[in-house]
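1. The amino acid sequence is not available; the structure is as follows:
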């Protein structure tokens with residue numbers, strides 16, 4: 001007995017010291033023994049859980065502080081070593097402690113604590129004696145409600161933000177889709193606008209060319225009417241002059257015959273009477289008159305014939321009587337008529353050489369083709385410099401259903417940048433006031449109207465050759481043109 005008394009007093013003192021340690025610890029803590037009996041329940045635990053130490057120590061009612069029905073707490077599972085039960089009861093809520101061997105941490109919400117429940121983070125660790133034997137378990141509790149509430153609020157804010165972001169993203173995606181649709185519609189509208197603008201531009205160009213052609217055609221018609229009228233007025237006096245000239249030649253021949261008879265009769269006259277006649281004959285040089293008057297008459301007849309030929313060419317060139325109908329015509333005849341008309345423009349600058357090949361009559365609008373020939377020949381004359389040049393006009397056949405004619409000059413030629421624009425309306429290389437820039441443009445339109453083509457071969461310093469190809473038969477030509485003669 002004497003030996004055991006001090007040991008008992010020491011154990012009691014140890015228990016008192018341990019109890020004071022627990023009560024002074026600021027973290028809510030309780031301990032149980034291997035029989036699950038509560039051995040320690042500190043003041044922080046009383047304050048947090050609302051259960052007095054006197055009501056809890058010595059009992060196994062630790063569950064009452066946490067749950068509505070009996071079930072093991074984490075310290076109970078540590079004592080029993082029930083890892084499977086631990087995984088079942090705290091699935092997804094616990095983890096093994098990284099600081100204390102054999103200890104576990106968990107975090108859970110307990111609705112029975114306080115008025116509205118509390119979130120607790122609790123750690124349970126085994127208690128061992130000096131020999132390492134399990135003698136109980138200790139569990140600490142920390143109130144993490146504020147953190148959890150903040151985390152939940154943050155999570156809700158995050159969720160709300162994500163919802164707002166998703167909603168806003170969806171709205172932006174919808175807006176972007178509408179914007180893309182609007183852009184596509186705008187691009188389509190712009191494409192349609194560009195297409196319409198191109199069509200309008202092309203139509204405007206066609207209208208402009210048509211207007212130019214109408215103006216030129218109207219001018220040609222007016223010129224043709226004027227030329228035809230002038231030709232008719234000139235032809236009438238030329239006709240009776242030519243007729244009277246023939247009569248005059250007959251009369252002169254008769255007078256010469258009469259004079260010859262008088263001359264033969266002079267030999268039988270009295271010398272005194274014949275002397276004045278001989279003197280008069282010598283004075284007027286009758287023999288010279290007999291030779292010169294027929295020559296003068298022949299030259300005058302040739303001049304009148306040339307006038308009649310020019311008048312006829314003028315009528316052929318104007319062809320007002322044709323009224324722009326498709327007819328069968330000899331292209332060479334139209335070229336000849338045109339060359340006669342423009343002779344005054346060309347004769348002082350170049351020699352015109354004709355190299356005609358055999359070609360058939362073609363179905364055409366002769367007046368318009370004459371205009372093409374005139375434009376090409378006049379342009380060729382203008383391309384020749386100070387020295388007299390040469391203009392060659394050729395005709396020929398290409399295939400079975402096409403003829404061609406060329407106007408070639410040995411003038412200055414054209415550079416590529418000019419060639420690319422020579423058929424553009426109003427483009428001209430001539431000085432201001434010297435040209436309208438419509439000649440080749442109208443010629444191109446006339447050739448296109450005939451279903452033909454016009455090509456140019458030129459080089460600076462080498463001259464220029466225009467070749468016009470025309471079909472023999474016109475598809476869809478007016479029925480009034482009739483069959484080829």
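-> Perfect, I can see it now. In this text, all values refer to a predicted model and were calculated from it rather than measured experimentally.

2. any low-confidence regions in the stretch 1-150 of the chain?
-> Scanning the stretch 1-150 of the chain for pLDDT under 70 picks out 1-19, 21.

3. what ranges do the strands span in it?
-> Listed in chain order, the strands of the stretch 1-150 of the chain (DSSP state E, counting those that start in this stretch) span 28-33, 38-41, 94-96, 104-110, 118-128, 134-143.

4. And the ones you listed: which comes nearest residue 80?
-> strand 134-143 (9.4 Å; C-beta to C-beta). Quick note: C-beta positions are derived from backbone N, CA and C, even for glycine.

5. quick one, helices of the stretch 301-450 of the chain?
-> In the stretch 301-450 of the chain, the segments counted as helices under DSSP state H, counting those that start in this stretch are 331-341, 343-346, 366-383, 416-419, 439-449.

6. for these, which one ends up most surrounded?
-> helix 366-383 (a mean of 23; mean count of other C-beta atoms under 10 Å).

7. Any chance of JSON lines for the helices of the stretch 301-450 of the chain, columns distance to residue 298?
-> Formatted as JSON lines, the helices of the stretch 301-450 of the chain follow (distance: least, C-beta to C-beta, whole Å):
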{"stretch": "helix 331-341", "distance to residue 298": "22"}
{"stretch": "helix 343-346", "distance to residue 298": "23"}
{"stretch": "helix 366-383", "distance to residue 298": "32"}
{"stretch": "helix 416-419", "distance to residue 298": "50"}
{"stretch": "helix 439-449", "distance to residue 298": "41"}
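
8. Any idea which of these gets closest to residue 48?
-> Nearest to residue 48 among the helices of the stretch 301-450 of the chain is helix 416-419 (99.5 Å), distances taken as C-beta to C-beta.

9. Quick one: mean pLDDT for that closest one?
-> The predicted model assigns helix 416-419 a mean pLDDT of 79.

10. distance between it and the chain's centre?
-> Chain-centre distance of helix 416-419: 25 Å, with C-alpha atoms, centre = their mean, to the nearest Å.

11. so what secondary structure elements neighbour that helix?
-> Here helix 416-419 touches no other helix or strand, going by 3 or more C-beta pairs under 8 Å, 6 or more residues apart in numbering; DSSP states H and E.

12. Turn the strands of the stretch 1-150 of the chain into CSV, columns for distance to residue 377 and mean neighbour count.
-> Converted to CSV, the strands of the stretch 1-150 of the chain look like this (distance: least, C-beta to C-beta, whole Å; neighbours: other C-beta atoms under 10 Å):
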stretch, distance to residue 377, mean neighbour count
strand 28-33, 122, 23
strand 38-41, 130, 23
strand 94-96, 108, 14
strand 104-110, 109, 18
strand 118-128, 110, 20
strand 134-143, 115, 20
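
13. can you redo those strands as CSV with distance to residue 81?
-> Compiled in CSV, the strands of the stretch 1-150 of the chain are given as follows (distance: least, C-beta to C-beta, whole Å):
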stretch, distance to residue 81
strand 28-33, 14
strand 38-41, 19
strand 94-96, 14
strand 104-110, 11
strand 118-128, 9
strand 134-143, 8
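
14. Residue 398 is nearest to which of the ones you listed?
-> Of all the strands of the stretch 1-150 of the chain, strand 94-96 sits nearest to residue 398, with 100.5 Å by C-beta to C-beta.

15. The host helix or strand of residue 152 - contacts with which helices or strands?
-> Using DSSP states H and E, residue 152 maps to helix 145-265. In terms of contacts (3+ C-beta pairs under 8 Å, 6+ apart), helix 145-265 is packed against strand 118-128, helix 286-318, helix 366-383, helix 439-449.

16. Off-centre distance for the last one?
-> Mean C-alpha position of helix 439-449 versus that of the full chain (C-alpha atoms, centre = their mean) differs by 29 Å.

17. what angle do that helix and helix 145-265 make?
-> Taking axes from the mean of the first three to the mean of the last three C-alpha atoms, to 10 degrees, one finds helix 439-449 and helix 145-265 inclined to each other by 100 degrees.

18. Quick check: can you name the pairing partners of the following helix or strand past helix 439-449 and their directions?
-> Downstream of helix 439-449, the next assigned helix or strand under DSSP H and E is strand 453-459. When pairing is defined by DSSP bridges, strand 453-459 lines up against strand 463-471 (antiparallel).

19. and the strand it pairs with, average pLDDT?
-> 91.

20. residues making contact with it?
-> With contact meaning C-beta atoms under 8 Å, 6 or more residues apart in numbering, strand 463-471 is reached by 331, 362-364, 369, 372, 376, 380, 383, 398, 401-414, 447, 450-458.

21. Got a ChimeraX select line for the buried ones in these?
-> In ChimeraX, this line selects whichever of the contacts of strand 463-471 come out buried by 16 or more other C-beta atoms under 10 Å:
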select :331,362,363,364,369,372,376,380,383,402,403,404,405,406,407,408,409,410,411,412,413,414,447,450,452,454,458
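
22. And the strands of the stretch 1-150 of the chain: which comes nearest residue 388?
-> When these are compared by C-beta to C-beta, strand 94-96 sits nearest residue 388, at 115.3 Å.

23. Does the closest one pack against any helices or strands, and if so which?
-> Against strand 94-96 (3+ C-beta pairs under 8 Å, 6+ apart) you get strand 104-110.

24. who does the strand it packs on touch, helix- and strand-wise?
-> By 3+ C-beta pairs under 8 Å, 6+ apart, strand 104-110 packs against helix 74-80, strand 94-96, strand 118-128.

25. These: which one's closest to residue 419?
-> Going by C-beta to C-beta, the one of the helices and strands packed on strand 104-110 nearest residue 419 is strand 94-96, 90.8 Å.

26. next one: that closest one to chain centre, how far?
-> 70 Å.

27. Sheet-wise, list the partners of it with their directions.
-> strand 104-110 (antiparallel).

28. For the stretch 251-400 of the chain, which residues score under the pLDDT cut-off?
-> 266-267, 308-324.

29. same thing but 50
-> Of all residues in the stretch 251-400 of the chain, those with pLDDT under 50 make up the ranges 320-323.

30. What does residue 271 show for phi and psi?
-> Dihedral pair for residue 271: phi -50, psi -30, per degrees, to the nearest 10.

31. how close does it sit to residue 277?
-> 11 Å (C-beta to C-beta, to the nearest Å).

32. Out of the helices and strands packed on helix 145-265, which gets nearest to residue 341?
-> Among the helices and strands packed on helix 145-265, the nearest to residue 341 by C-beta to C-beta is helix 286-318 (5.2 Å).
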